[in-house]
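Asker: The following block contains a protein sequence and its predicted model.
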Amino acid sequence: MAAAPFVTQAVALVMLQAIETAANAGTAAVIEGYSGSVPANADAAEAGTLAFSLGCNASIFSGTSDTGSAARGTFAAISSDTSADNTVTLTHFRIKTQTGGTVVFQGNAATSAADMVINTTSITSGSTVSCSAATLDVPEG
């Protein structure tokens, strides 16, 4: 097995489009934030506590582009959660096809150097959680 595999930009874009197609399979994708240990992979059951659920547009991306090092999907409008579910320390997120839907993608969350960079990981029950802009990158190289 190769120690450092790489894909071309064209393949990275196809992979990104496959993620978009999977996320768009429901009524409207959601981004859910959780506390606790990050599941081993996106197929593993969720064991954390739900912090928030942000609603995505019926088509998750408004466009895709080539950054030179990745295929980038720019999210279309994301609806706020006007009343966070629980007071937690955010550790990870999952993108699902819809509320209660199938997990399509997951990653860690932090205030820097994470799959989801967020202004705070301290989520308070009842508070508003919003996202003004988001992108998803599939690296090439």
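Answerer: Okay, I see it.

Asker: Only C-alpha atoms from now on, for both contacts and neighbour counts.
Answerer: Fine.

Asker: For the residue nearest the centre of the chain, list the residues it contacts.
Answerer: In the chain, the centroid-proximal residue (Cα atoms, centre = their mean) is Ile95; its distance is 4.7 Å. Applying Cα atoms under 8 Å, 6 or more residues apart in numbering to Ile95 gives the contacts Ala23, Ala29, Val30, Ile31, Glu32, Val103, Val104, Phe105, Gln106.

Asker: In a markdown table: those, plus neighbour count, secondary structure and pLDDT.
Answerer: A markdown table is the format used below for the contacts of Ile95 (neighbours: other Cα atoms under 10 Å; DSSP: H, G, I helix; E, B strand; the rest coil; pLDDT from 0 to 100):
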| residue | neighbour count | secondary structure | pLDDT |
| --- | --- | --- | --- |
| Ala23 | 27 | helix | 96 |
| Ala29 | 29 | coil | 96 |
| Val30 | 28 | strand | 97 |
| Ile31 | 21 | strand | 96 |
| Glu32 | 20 | strand | 97 |
| Val103 | 22 | strand | 97 |
| Val104 | 20 | strand | 96 |
| Phe105 | 17 | strand | 95 |
| Gln106 | 22 | strand | 96 |
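
Asker: Could you dump those residues into TSV with distance to Gly63 added?
Answerer: Listed next are those as TSV, based on distance: Cα to Cα, whole Å:
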residue	distance to Gly63
Ala23	14
Ala29	16
Val30	18
Ile31	18
Glu32	22
Val103	21
Val104	18
Phe105	18
Gln106	20
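
Asker: Closest one to Cys131 out of the residues you listed, please.
Answerer: Relative to Cys131, the closest of those is Ile31; by Cα to Cα it sits at 10.2 Å.

Asker: List phi and psi for the closest residue in space to that closest one that isn't next to it in sequence.
Answerer: Counting by Cα to Cα, 6 or more residues apart in numbering, Ile31 lies nearest to Ile95, which is 4.6 Å off, once chain neighbours are set aside. Backbone dihedrals for Ile95, given as degrees, to the nearest 10, come out at phi -100, psi 130.

Asker: Tell me where the chain has helices.
Answerer: According to DSSP state H, the chain carries its helices in the segments 9-23.
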